[in-house]
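Q: return a 3D structure for these sequence lines:
(chains A and B)
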Amino acid sequence: EVQLLESGGGLVQPGGSLRLSCAASGFSFSSYAMTWVRQAPGKGLEWVSGISGVGGSTYYADSVKGRFTISRDNSKNTLFLQMNSLRAEDTAVYYCARRVVPAHSFDYWGQGTLVTVSS
Amino acid sequence: DIQMTQSPSSLSASVGDRVTITCRASQSISTYLNWYQQKPGKAPKLLIYAAANLQSGVPSRFSGSGSGTDFTLTISSLQPEDFATYFCQQSYSTPYTFGQGTKLEIK
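A: Next comes the predicted model:
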């Protein structure tokens, strides 16, 4: 069974940093591109970042470019999102998801981890 | 960036109704269009990929169509568990943008 489990969320002050993790199981992790999607309270979905299966290619939304870094450790089946220079508008539930070839859709999602940026 | 516009933003319907949600892209995205369902407090769930393909395990009352810039999600006969928010998403190019969502409520 495919499972994705995020961790690392919490309360952080503006300008601070946080590192999210997404532990994957039930599939060949290195064979799949992965992505982070966030959802601000009461709002819609926003794609944040993506990474190829071997980690050689990374992609970012303009809203986080230069502040967030996506990475993965295929030996530990884990996806990461390093978030620096956090702003109030980064407050959201962050989901990791698996990206699959048919239309680059996201077929499995984690349960999400809440990041709150506030003083 | 490609903008995705869904309509309507909200919709009231009854069990057994046929409903259609529309998604329009700001430029042609071929069939790189996916639909997700989200219930309160839960992660989104993939329903339809590549515009018209039903994800495994999704009931056949859900269907999708369209190509280019105009797409639709249809639920042929609403069931109580279908009341949720639906999002379209383009995966033609990064950033992979989502529509603003359509909240489907019970009439």
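Q: check the most centrally placed residue in chain B and give its pLDDT.
A: Compute the mean C-alpha point of chain B, and by C-alpha atoms, centre = their mean the closest residue is residue B:35, 3.9 Å away. Residue B:35 carries a pLDDT value of 98.
Q: quick one: contacts for it?
A: Neighbouring residues of residue B:35 by C-beta atoms under 8 Å, 6 or more residues apart in numbering or on different chains: B:23, B:46, B:47, B:48, B:62, B:64, B:73, B:86, B:87, B:88, B:89. C-beta coordinates here come from the backbone N, C-alpha and C atoms, glycine included.
Q: will you turn those residues into a markdown table that also has secondary structure, distance to residue B:1 and pLDDT?
A: Output for the contacts of residue B:35, formatted as a markdown table (DSSP: H, G, I helix; E, B strand; the rest coil; distance: C-beta to C-beta, whole Å; pLDDT from 0 to 100):
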| residue | secondary structure | distance to residue B:1 | pLDDT |
| --- | --- | --- | --- |
| B:23 | strand | 16 | 98 |
| B:46 | strand | 22 | 98 |
| B:47 | strand | 24 | 98 |
| B:48 | strand | 22 | 97 |
| B:62 | strand | 28 | 98 |
| B:64 | strand | 23 | 98 |
| B:73 | strand | 22 | 98 |
| B:86 | strand | 21 | 98 |
| B:87 | strand | 16 | 98 |
| B:88 | strand | 15 | 98 |
| B:89 | strand | 13 | 98 |
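Q: which of those come close to chain A?
A: Filtering the contacts of residue B:35 for proximity to chain A by C-beta under 8 Å from any C-beta of the partner chain leaves B:46, B:87, B:89.
Q: shouldn't the second one be in contact with residue B:45?
A: No. Using C-beta atoms under 8 Å, residue B:87 makes no contact with residue B:45, being 10.3 Å away.
Q: show me which residues of chain A sit near chain B.
A: A:35, A:37, A:44-47, A:50, A:59, A:61-62, A:95, A:100, A:102-107, A:109-112.
Q: residues near residue 88, how many?
A: Just so you know, I chose chain A. For residue A:88, the neighbour count with other C-beta atoms under 10 Å in any protein chain shown is 10.
Q: hm, I was asking about chain B
A: 29.
Q: can you pull the contacts of it?
A: Applying C-beta under 8 Å, 6+ apart, the residues near residue B:88 are B:4, B:6, B:21, B:23, B:33, B:34, B:35, B:36, B:71, B:73, B:98, B:99.
Q: switch to 7 Å and redo it
A: Counting by C-beta atoms under 7 Å, 6 or more residues apart in numbering or on different chains, residue B:88 touches B:4, B:6, B:23, B:33, B:35, B:71, B:98, B:99.
Q: just flag the most distant two among these.
A: Spanning the widest gap among these are B:71 and B:98, at 13.0 Å by C-beta to C-beta.
Q: give me the more crowded residue out of these two.
A: Using other C-beta under 10 Å, the more surrounded residue of residue B:71 and residue B:98 is residue B:71, with 27 against 22.
Q: just give the strands next to the strand or helix carrying that one in its sheet, each with its orientation.
A: Element membership of residue B:71 [criterion: DSSP states H and E] is strand B:70-75. With DSSP bridges as the test, strand B:70-75 is paired with strand B:19-25 (antiparallel), strand B:62-67 (antiparallel).
Q: if we go by neighbour counts, what in it is buried?
A: Residues of strand B:70-75 classed as buried: B:71, B:72, B:73, B:75 (neighbour count, 16 or more other C-beta atoms under 10 Å in any protein chain shown).
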